[in-house]
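**Q** Provided below are the primary sequence and the corresponding predicted coordinates.
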Amino acid sequence: MSAPPRPPANALALLASVFVIAACGLLYELAAGALASYLLGDSILQFSTVIGTYLFAMGIGSWLSRYLERQLAAHFLRIELLVALIGGALPATLFIANAYAPGVFRPLLYGLVLLVGTLVGLEIPLVMRILKRNVQLKDLVSQVLTFDYLGALAVSLAFPLLLVPQLGLIRTGLLFGLLNALVAVWALWLFRHELRRWRAHALASALVLLLLGAGMGAADHITQLAEERFYQTPIVSARSTPYQRIVVTQSRQGLRLYLNGNLQFAESDEYRYHEALVHPAMAAHGAPKKVAVLGGGDGMAVREILKYPSVESVTLVELDPAMTALFANDPALRRLNADALRSPKLHIHNADAFQWLQETREVFDVIVVDFPDPTNFAIGKLYSTSFYALLDEHLAASGYAVIQSTSPLIARSSFWTVVSTLEAVGLRTTPYHTHVPSFGEWGFVLASHRPWQPPAQLPPGLRFLDPDTLAQLLHFPPDMARVPTEVNRLSNQTLVYTYEREWGRLH
C-alpha cells in the first residue's frame, strides 16, 4: 500500500505559521496577565480574568470567521498585521497608560485583551480553510492542533525562564509582534498570485515591520520614560525577573526600592522599620547564635542582626536570586546594608521559604519573617497556619520569631488576622507597631513559647530604638485595638481578601 501523499510546500509553510501564531497568541495573553499582576496585584485573580477574557474573545473571533468567505489569503494577511501591531505593542501601551493615565489602565487592559483575542480567534479557522485546499480534513485538524499546542508549549516555557528576564516585557511583546509580521510577509509571498492588491499589502507589511522595529530600538527608553513618570523620580536600576519587577529610584531623600510597583523601603527612614523589626526579638533573647531571615533579600534586616556579637550564623532565605545579587554587588545598595550580604556569617538560600522550611532540619534562636504584604494567594500562604506551624518546628524552645504584619491602622483586621493565626498554632504573641514616615503606622508580631520581656539593653548606635521607645510601641490606641478576626488557613486564604478590601479603600 502506497504512503499517503505529503502536503505541498505551501501547506507545510502554513503549518509552520500555525506554530508561530500559537506562540505569539499565548505570549500576548501571558504579557497581559503579568502586567495586570504587577500593577493591579493579586496575580491569581488577574491571570484568571485575563485568560478567561482572552479565551472568550478567541471564541468570538472563531464565530466571526464564518463571515469571511472570499479572499481568505488577503484576510489572513491583514489579520496577521493587526495582531502583530496591536499585540506586539500591548505591553508598551499598558506601561505608558499606567504611568500617564492610571485610571484608564484597567479598561484599556481588558479592551486590548478582547481585541487581540478576537483577532487571534480569527487566525486558526482561516488557516484551516486555506489548508483545506490541499490537506484532507482528518489530517488537517490533527496537524493544525499539533502545531498550535507545540507553539503554546514553547512560549509558556520561554516566557518566565528566558524572555522576561532577558528582554523585559516591552521588548518581548515587540519581538513577538515582529514574528507575527513576518508570518504576514511569508503569506504575502505564498499567495502573491492570488492577492489582488499585492502592493498595498506589501506596503502595509513594511510599515508594520518598521513600526515594530523602531519600537524594539526604543524599548528601553519607553520603559524608563513610563517608569520614571510612574515613580516620579529617576530610576537607577530596573530589572524583570521570573518573580517580580525590581526598580530602585534615586531622589533627594535617597534610594527607594519598589517590587512590582510597591514601595519596600526608603533610605530616609528604613532604619525605623528594620530596627523595630529586628531588635525586640534579638535583644530579648539575650544571646542568639543561630538566626534565620525569611524574605528580606535587601540585607537590611541582616545588617541589624549582625550588630549582636553572639551571632555565629545567619541564614537568609530569599526566593529571587536577582534581589540578593543586586544588594550584594551594587555599591550604593551595599552601603545601605553595610555589606551585610558579604558577611562570612551569612548563608544565602535562593528558595521558596515554605518549601525550604519543609526540607531543612535546622533550628534557630530567632527567625525574622520579612515577606511582602499578602497581596495575593502565593504570598498569602506564607501568612497561614500551615506556614506558622512549620515556623514553630524550626524555632528553639527559648526562641522568638517576628513577623512584619502590615498596617494596624489602615488594615486593622488584616493585622489582627496575623495575630490570630499565630495563636491558632499555639504560639504566644506580642503585637507592636511603629511609625515609618514612608509607610505610616506599621505593625509587627513577636511569637514564641515563652513570655516576651522588654530588653533592658539594646545594641549601641541605633538611630531610632531605645528601651523607652520600645515600651511605647506596645500600646495600641482605640483605632488600632484588637478586633475579632478569622484564622488564615490555606483552605480559605481569608487574609488576602481582607487585605485587598482594606487597602482597596485607599484607591
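**A** Done, it's in. Numbering: from 1, shown residues only.
**Q** Can you tell me the number of residues neighbouring the nearest residue to residue 262 once chain neighbours are set aside?
**A** Excluding the flanking residues, the one nearest residue 262 by Cβ to Cβ, 6 or more residues apart in numbering is residue 372, at 7.0 Å. Every C-beta, even on glycine, is put in place using the N, C-alpha and C of the backbone. Applying other Cβ atoms under 10 Å, we find 16 residues neighbouring residue 372.
**Q** Tell me where the protein has strands.
**A** Remark: strands assigned in the chain by DSSP state E are 235-240, 245-251, 254-259, 262-266, 290-295, 313-317, 346-349, 364-370, 395-404, 428-436, 440-448.
**Q** quick one: low-confidence ranges for the stretch 251-400 of the chain?
**A** Residues of the stretch 251-400 of the chain meeting the criterion pLDDT under 70: none.
**Q** hmm, which helix or strand of the chain has the shakiest average pLDDT?
**A** Ranked by mean pLDDT, DSSP states H and E, the weakest helix or strand in the chain is helix 137-158, scoring a mean of 74.
**Q** My read is that residue 365 contacts residue 286, right?
**A** No: contact criterion Cβ atoms under 8 Å: residue 365 and residue 286 do not qualify, at 9.1 Å.
**Q** Of these two, which one has the most company?
**A** Just comparing residue 365 and residue 286: by other Cβ under 10 Å the higher neighbour count belongs to residue 365, 22 against 11.
**Q** Which strands or helices does the biggest helix by length in the chain pack on?
**A** Identified as the longest helix of the chain according to DSSP state H is helix 9-40. Secondary-structure packing of helix 9-40 (3 or more Cβ pairs under 8 Å, 6 or more residues apart in numbering; DSSP states H and E): helix 43-64, helix 72-100, helix 105-131, helix 137-158, helix 164-190.
**Q** List the buried residues of it.
**A** For helix 9-40, burial by neighbour count (16 or more other Cβ atoms under 10 Å) applies to 10-11, 14-15, 17-40.
**Q** how is the protein carved up into domains?
**A** 9-228, 232-264, 268-504 (automatic domain parsing).
**Q** Any idea how far apart the tips of the longest one sit?
**A** Criterion Cα to Cα, to the nearest Å; first-to-last residue distance in domain 268-504 is 26 Å.
**Q** ditto for the second one
**A** The stretch domain 232-264 measures 16 Å between its terminal residues, going by Cα to Cα.
**Q** Using JSON lines, lay out the strands of the chain together with distance to residue 334.
**A** Formatted as JSON lines, those follow (distance: least, Cβ to Cβ, whole Å):
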{"stretch": "strand 235-240", "distance to residue 334": "13"}
{"stretch": "strand 245-251", "distance to residue 334": "13"}
{"stretch": "strand 254-259", "distance to residue 334": "12"}
{"stretch": "strand 262-266", "distance to residue 334": "15"}
{"stretch": "strand 290-295", "distance to residue 334": "17"}
{"stretch": "strand 313-317", "distance to residue 334": "15"}
{"stretch": "strand 346-349", "distance to residue 334": "13"}
{"stretch": "strand 364-370", "distance to residue 334": "19"}
{"stretch": "strand 395-404", "distance to residue 334": "23"}
{"stretch": "strand 428-436", "distance to residue 334": "23"}
{"stretch": "strand 440-448", "distance to residue 334": "25"}
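**Q** distance of the closest residue in space to residue 123 that isn't next to it in sequence from residue 174?
**A** Spatial nearest neighbour of residue 123, chain neighbours left out: residue 21 (5.2 Å); criterion: Cβ to Cβ, 6+ apart. Using Cβ to Cβ, to the nearest Å, one gets 17 Å for the distance from residue 21 to residue 174.
**Q** before we move on, back to that, contacting residues around the residue nearest to residue 123?
**A** Counting by Cβ atoms under 8 Å, 6 or more residues apart in numbering, residue 21 makes contact with 80, 120, 123-124, 127, 148, 151, 180, 183.
**Q** among those, who's most crowded?
**A** Neighbour tally across those (other Cβ under 10 Å): the maximum, 31 neighbours, falls on residue 180.
**Q** right, and it touches residue 89 too?
**A** No: when contacts are counted by Cβ under 8 Å, residue 180 is not listed as touching residue 89 (11.3 Å).
**Q** which residues in the stretch 251-400 of the chain form helices?
**A** 270-285, 300-305, 321-329, 331-336, 353-359, 377-380, 385-393 (DSSP state H, counting those that start in this stretch).
**Q** What's the separation between residue 354 and residue 423?
**A** Distance from residue 354 to residue 423, counting by Cβ to Cβ: 20 Å.
**Q** Next one: the residue most central in space within the chain from residue 350, what distance?
**A** The structure's the chain has its C-alpha centroid closest to residue 244; by Cα atoms, centre = their mean the separation is 3.8 Å. Residue 244 is 13 Å from residue 350, where distance means Cβ to Cβ.
**Q** Give the residues shared as contacts by these two.
**A** In contact with both residue 244 and residue 350: residue 320, using Cβ under 8 Å, 6+ apart.
**Q** right, and residue 334 touches residue 327 too?
**A** Yes: using Cβ under 8 Å, residue 334 is in contact with residue 327, at 7.2 Å.
**Q** of the two, who's got more company?
**A** Comparing residue 334 with residue 327 by other Cβ under 10 Å, the one with more neighbours is residue 327, at 25 against 17.
**Q** Could I get the helices and strands packed on helix 9-40 in CSV, plus columns for distance to residue 459?
**A** As requested, those are exported to CSV (distance: least, Cβ to Cβ, whole Å):
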stretch, distance to residue 459
helix 43-64, 38
helix 72-100, 42
helix 105-131, 45
helix 137-158, 48
helix 164-190, 39
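**Q** which stretch in the ones you listed is the model least sure about?
**A** If the helices and strands packed on helix 9-40 are sorted by mean pLDDT, helix 137-158 sits at the bottom with a mean of 74.
**Q** quick one, helices of the stretch 401-507 of the chain?
**A** Per DSSP H, counting those that start in this stretch, the stretch 401-507 of the chain carries helices over the ranges 412-424, 467-472, 494-504.
**Q** Would you pull up how far the first one lies from the middle of the chain?
**A** Going by Cα atoms, centre = their mean, to the nearest Å, the spacing between the C-alpha centre of helix 412-424 and its chain's C-alpha centre is 25 Å.
**Q** what do you get for the last one?
**A** Mean C-alpha position of helix 494-504 versus that of the full chain (Cα atoms, centre = their mean) differs by 18 Å.
**Q** Please report how far the residue nearest to residue 255 when sequence neighbours are not counted lies from residue 275.
**A** In space, and not counting its chain neighbours, residue 255 is closest to residue 267: 4.5 Å by Cβ to Cβ, 6+ apart. In this structure, residue 267 and residue 275 are 14 Å apart, going by Cβ to Cβ.
**Q** who has more neighbours, these two?
**A** residue 275 (24 against 18).
**Q** Wait, that one touches residue 462, no?
**A** Yes: in this structure, residue 275 is within contact of residue 462 by Cβ under 8 Å, at 5.5 Å.
**Q** Please report how far residue 258 lies from residue 476.
**A** 29 Å.
**Q** follow-up on the earlier one: and residue 354 and residue 423? which has more neighbours close in?
**A** Shown here are residue 354 and residue 423; by other Cβ under 10 Å, residue 354 has more neighbours (19 against 16).
**Q** which residues does the more buried one contact?
**A** 381-382, 386-387, 390.
**Q** Dump these to CSV, plus distance to residue 339.
**A** Converted to CSV, the contacts of residue 354 look like this (distance: Cβ to Cβ, whole Å):
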residue, distance to residue 339
381, 32
382, 28
386, 35
387, 30
390, 31
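**Q** Who wins on neighbours among those?
**A** residue 387 leads the contacts of residue 354 on contacts (other Cβ under 10 Å) with 24 neighbours.
**Q** For it, which non-adjacent residue is spatially closest?
**A** Closest to residue 387 by Cβ to Cβ, 6+ apart is residue 354, at 5.8 Å.
**Q** cool, residue 98 as well?
**A** Closest to residue 98 by Cβ to Cβ, 6+ apart is residue 105, at 4.8 Å.
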